[in-house]
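Asks: Got a sequence here, can you model it:
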Amino acid sequence: MTTGDGSGDRLGLARWMRAVVVERENVERRFDADAVHDLRVAIRRCRSIAQGLREIDPHPAWRAMNRDGRRLFAALGAMRDTHVLMDWVTRLGEGDDPVTALAIARLEAHEAELRLELEKPLRRFDVDAWERFAEVLVPRTEMLAPDGPVYLNLALRRFEEAHALHRLALKNRGKTAWHQLRIGIKRLRYTVENFLPDLHDEWGDDLKTLQDLLGEVHDLDVLWDMLGTLGAIFRTDTRARWRDAITRERRARIDAYRALMVGRDSRWRAWRSRLPSGVELSESALATLDAWAAFRDECHARARHASRLALELLGALRDATGDSRFADESTTRTLPAASRVYRVGARDDRDGRRVTARSARLIRKLSPPVGFDTDAMERIARVVECVDAPFVPIPGEDDHLVPAASAVLRLARALAAGLDGGVRVRSVEIRNGYVEIDVTGLPGKETVGEEIARARYGLERLLGRPVFVPQTVARPKPGARSVRRDSATARVSPDSADDTPRRGKTARRARSR
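Replies: So this is what the prediction gives:
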């Protein structure tokens, strides 16, 4: 495997993918419980990393790696379950108990069958493909730093899922509910273990304890079901003794779980206090959308530049015009997200308006990060698709939001066309009959000026007056009249004495577009 010793791999994926190859060879040499357990742990770590990053990174190798690991993991699971049941029968059984002897004999025979069945998935496991997955995927783990806001948002989602299952288990108290809670706690543990090492230092012991407690509850439920298949030997008297022993052990573990997780001092309260809320939650949700877009957009730096310009432009328009549409909380919350994801449908820069249409479709399919709901994602998608769509009023409670946010994003996208990140919005001023937007750092390219001229249309319709960007006007030649013309629309710039744009036929055509 060419991933070396995993140096630079922040999540340790290279180490665990290599461990899968090594432990697989150990299982082929010996089918003991420790070798099976070690291989399952290595595969589980790789799959849990893949499952976490698949929500952000669309690379198909994540799915393929998870699929190949799942096949072998499932085959090993039956062997591991058999070893666990043998251990429980030995602990709870008695030496002269015929049920104990029969159960051990059945489990040993089943273990021998599983060894033969396990040889096939071990042989079919494609080590070369696994190593190719590592070459592709390990570098992709470097794009996000552990303990960052994206992983905190993911942990919060796992926390909320597990907490909902906790409430359901306390209410229903059934085997299925406790089993689902075990899975929810397990997913939370693996997320913290893989992506949040700082939190894992604080929570790791408790999460492992809880997973062990609930895992043993599940093992005892499976043991009782298995004993019921032994037939006539499992008579009334022996059934009562086994039921009492299993119930006692099961209740002790549920009581231990409740002692940790119920009440004012429960771990739920302590954990929630360490996960994002308020402003941090909004930032982590936006960071998650940004990361999702970065994995899909090869030129995501342009979107980030446009996002900064959009916020600068929004603030300047709000201060200059006093227009409530630029101060609305929905606008200030939706625009940063829309400006980060408007290019996720880009295949190349020649796609035109198809980019925003494809982006809107992808946004609608995305599971919202914690901090956004489906309504918020729909607003984001509408803003994105309206950047290039005809400027028409949209009915509904957000009819004032979508035109304002999309018009600002449309101009910010044009201002960011230089790709160097040096453009800044300096100020917005309302003059005699028009709006002047002063920017710095525009590249001296005629195509940029033309794009900005086209992009002003949304704001002009929104504000009901012309929008003028002085930096897009060409410099006069020596000896020419002291009048500058807009390089894209031929509108005379406001350098004349009355400080009002000249309204020629070309300018009227530009405003009517």
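Asks: Contacts only, for Val469.
Replies: Glu436, Ile437, Asp438, Val439, Ile452, Arg456 (CB atoms under 8 Å, 6 or more residues apart in numbering). (Each C-beta comes from the backbone N, C-alpha and C, glycine too.)
Asks: Give the bridge partners for the first one, please.
Replies: Translated: Glu436. Glu436 forms beta bridges with Glu429, Phe468, as assigned by DSSP bridges.
Asks: From Val402, how far out is it?
Replies: Glu436 sits 25 Å away from Val402, going by CB to CB, to the nearest Å.
Asks: do the fifth one as well
Replies: Separation of Ile452 from Val402 (CB to CB) stands at 22 Å.
Asks: tell me the contacts of the spatially closest residue to Ser339 that is not a sequence neighbour?
Replies: Nearest residue to Ser339, sequence neighbours excluded (CB to CB, 6 or more residues apart in numbering): Ser307, at 3.8 Å. Ser307 makes contacts with Pro336, Ser339, Arg340, Ala412, as judged by CB under 8 Å, 6+ apart.
Asks: For my notes, confirm Ser307 occurs in a helix.
Replies: Yes - counting by DSSP: H, G, I helix; E, B strand; the rest coil, Ser307 is part of a helix.
Asks: The contacts of Ser307 into a markdown table, with extra columns for pLDDT and neighbour count?
Replies: Formatted as a markdown table, the contacts of Ser307 follow (pLDDT from 0 to 100; neighbours: other CB atoms under 10 Å):
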| residue | pLDDT | neighbour count |
| --- | --- | --- |
| Pro336 | 94 | 21 |
| Ser339 | 94 | 31 |
| Arg340 | 95 | 25 |
| Ala412 | 92 | 26 |
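Asks: element containing Ala109, please.
Replies: Assigned by DSSP states H and E, Ala109 belongs to helix 98-124.
Asks: Which secondary structure elements does that helix sit against?
Replies: Applying 3 or more CB pairs under 8 Å, 6 or more residues apart in numbering; DSSP states H and E, we find helix 98-124 packed against helix 13-29, helix 60-92, helix 197-227, helix 236-261.
Asks: ok so, going back, now tabulate the contacts of Val469 in CSV and tack on neighbour count.
Replies: Below are the contacts of Val469 laid out as CSV (neighbours: other CB atoms under 10 Å):
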residue, neighbour count
Glu436, 18
Ile437, 24
Asp438, 15
Val439, 22
Ile452, 24
Arg456, 26
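Asks: Looking at those, which is nearest Arg296?
Replies: Arg296 has its nearest neighbour among the contacts of Val469 in Ile452, at 26.1 Å by CB to CB.
Asks: list the contacts for the nearest residue to the closest one once chain neighbours are set aside?
Replies: Once flanking residues are discounted, Ile452 sits nearest to Ala414: 4.5 Å by CB to CB, 6+ apart. Listed by CB under 8 Å, 6+ apart, the contact set of Ala414 reads Val448, Glu451, Ile452, Arg454, Ala455.
Asks: Next, check those against the strands and list the overlap.
Replies: Among these, no member is found in strands (DSSP state E).
Asks: Highest neighbour count among those?
Replies: Ile452 (24 neighbours; other CB atoms under 10 Å).
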